[in-house]
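**Q** Sharing a model prediction with you, sequence too.
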Amino acid sequence: GQSLEQPSEVTAVEGAIVQINCTYQTSGFYGLSWYQQHDGGAPTFLSYNGLDGLEETGRFSSFLSRSDSYGYLLLQELQMKDSASYFCALYNQGGKLIFGQGTELSVKP
Amino acid sequence: DSGVTQTPKHLITATGQRVTLRCSPRSGDLSVYWYQQSLDQGLQFLIQYYNGEERAKGNILERFSAQQFPDLHSELNLSSLELGDSALYFCASSVYRGGSYNEQFFGPGTRLTVL
């Protein structure tokens, strides 16, 4: 089967940088995705890594290392509106997503 | 607004009952995915349909079933409901053509409460 682990909670201050780590176990997958969810709302796509390395999208960056079964999401210049849950997910053949349990990020003023 | 619609937004029912959740994907998206989100289980993949055919199954209970119709909308049927079925049910859609990554767009969800 496939499984992912991420910290349950992370706290940071406005303007700071925070990194949310994700480790996974799988025999095969296409890539690692990241989604954001505010308070039970619809998850929204943030980033995808199909290859090892860093992907940058504005204030958000994501990293994947297949050899280490590890990825992370980096959020820079934190804003209050970034307070949300962040999920890493394995992207599989057919488009199926297997999600981690999520990390709740609290941004303090 | 992702372009994916789900009805109803809220549903309250009793144990043992049967309910149907409906999802309309974004225009042009052929693939529909259903996910269950409960407090202790996170986002769990249930089932995927592609252009009317079942494509992948997750940990979907036998009491649950789904289908995708010719107009591409999808329905998730939950029967013999139990208290533990109370959760948020999300539908997502993507163009999915295989190979490269295709972003999934999530609907607003249906909150099911079983009393």
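**A** Nice, thanks for sending it over.

**Q** what's A:Phe87 sitting at in phi/psi?
**A** Backbone torsions of A:Phe87, given as degrees, to the nearest 10, read phi -120, psi 130.

**Q** right, I mislabeled it, should have said A:Lys108
**A** Dihedral angles of A:Lys108 (phi, psi; degrees, to the nearest 10) stand at phi -100, psi 150.

**Q** give the contact list for the nearest residue in space to it that is not next to it in sequence.
**A** Counting by CB to CB, 6 or more residues apart in numbering or on different chains, A:Lys108 lies nearest to A:Val13, which is 5.1 Å off, once chain neighbours are set aside. For every residue, glycine as well, the C-beta is placed using N, CA and C. Going by CB atoms under 8 Å, 6 or more residues apart in numbering or on different chains, A:Val13 touches A:Leu78, A:Val107, A:Lys108, A:Pro109.

**Q** what's the burial count for the third one?
**A** Other residues lying near A:Lys108 total 11 when counted by other CB atoms under 10 Å in any protein chain shown.

**Q** if I look at it, how far off is A:Met80?
**A** 9 Å (CB to CB, to the nearest Å).

**Q** I'd like the distance between the residue nearest to A:Lys108 and A:Asp39.
**A** Relative to A:Asp39, A:Val13 is positioned 21 Å away (CB to CB).

**Q** And B:Ile60, by the same measure?
**A** Taking CB to CB, one finds B:Ile60 at 26 Å from A:Asp39.

**Q** just the buried members of the contacts of A:Val13?
**A** Buried subset of the contacts of A:Val13 (neighbour count, 16 or more other CB atoms under 10 Å in any protein chain shown): A:Leu78, A:Val107.

**Q** Among B:Ile60 and A:Asp39, which residue is more densely surrounded?
**A** Neighbours per residue, other CB under 10 Å: of B:Ile60 and A:Asp39, the larger number sits with B:Ile60, 16 against 7.

**Q** Please, which helix or strand holds the more buried one?
**A** For B:Ile60, there is no host helix or strand (DSSP states H and E).

**Q** ok, now which ones touch it?
**A** B:Ile60 sits in contact with B:Trp34, B:Leu46, B:Ile47, B:Ala66, where contact means CB under 8 Å, 6+ apart.

**Q** Relative to the host helix or strand of A:Glu55, what are the paired strands and their orientations?
**A** Using DSSP H and E, A:Glu55 maps to strand A:53-57. If you go by DSSP bridges, strand A:53-57 pairs up with strand A:60-65 (antiparallel).

**Q** The helix or strand following the partner strand near chain B at all?
**A** On the C-terminal side of strand A:60-65, the nearest following helix or strand under DSSP H and E is strand A:70-75. No: shown here: strand A:70-75 not in contact with chain B (CB under 8 Å from any CB of the partner chain), separated by at least 14.3 Å.

**Q** Flag every buried residue along strand A:70-75.
**A** In strand A:70-75, counting by 16+ other CB under 10 Å, buried: A:Gly71, A:Tyr72, A:Leu73, A:Leu74, A:Leu75.

**Q** which one of those residues is nearest chain B?
**A** A:Gly71 (14.3 Å; CB to the nearest CB).

**Q** what sits against that closest one?
**A** Taking CB under 8 Å, 6+ apart, we find A:Gly71 in contact with A:Asn21, A:Cys22, A:Thr23, A:Tyr24, A:Leu32, A:Asn49, A:Ser62, A:Phe63, A:Leu64, A:Ser65, A:Cys88.

**Q** among these, which ones are buried?
**A** A:Cys22, A:Tyr24, A:Leu32, A:Asn49, A:Ser62, A:Phe63, A:Leu64, A:Cys88.
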